[in-house]
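Peer 1: fold the stuff below for me.
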Amino acid sequence: MKARDLREWDDQMLQDKLLALKKQLFELRMKHAVTGADKPHLFKAIKKDIARILTILRERELARTQEK
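Peer 2: Got it, this is the predicted structure:
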């Protein structure tokens, strides 16, 4: 997922995707604890996607406060 693509989404879509990614990360952690992770590279990828979304949401929040 690229940041430039995420910037085109509205806030609600980003919040929904963030929730889905957090759920996916939780499920991956649980699976890893029980049986071991099949694809350990997904941990890093999901965490980076979460960070990208949080960064974009924060940038928008700061932009709204500066406009006021």
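Peer 1: gap between the residue most central in space within the chain and residue 34?
Peer 2: Note on the chain: the residue nearest the mean C-alpha position is residue 50, at 2.1 Å, using Cα atoms, centre = their mean. According to Cβ to Cβ, to the nearest Å, residue 50 and residue 34 sit 22 Å apart. Yep, even glycine has a C-beta here, placed from its N, CA and C like the rest.
Peer 1: about what we covered before: mind listing what the residue lying closest to the residue nearest to the centre of the chain once chain neighbours are set aside touches?
Peer 2: Leaving aside its chain neighbours, residue 50 sits nearest to residue 21 (5.2 Å; criterion: Cβ to Cβ, 6 or more residues apart in numbering). Taking Cβ atoms under 8 Å, 6 or more residues apart in numbering as the contact definition, residue 21 lies against 46, 49, 50, 53.
Peer 1: take those residues and keep only those in helices.
Peer 2: Using DSSP state H, the members of those that fall in helices are 46, 49, 50, 53.
Peer 1: so can I have a markdown table of these showing distance to residue 30 and pLDDT?
Peer 2: Shown next, in a markdown table, are the ones in helices among the contacts of residue 21 (distance: Cβ to Cβ, whole Å; pLDDT from 0 to 100):
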| residue | distance to residue 30 | pLDDT |
| --- | --- | --- |
| 46 | 14 | 97 |
| 49 | 19 | 97 |
| 50 | 17 | 98 |
| 53 | 22 | 97 |
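Peer 1: mind putting these in JSON lines, distance to residue 14 included?
Peer 2: Formatted as JSON lines, the ones in helices among the contacts of residue 21 follow (distance: Cβ to Cβ, whole Å):
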{"residue": "46", "distance to residue 14": "15"}
{"residue": "49", "distance to residue 14": "11"}
{"residue": "50", "distance to residue 14": "11"}
{"residue": "53", "distance to residue 14": "5"}
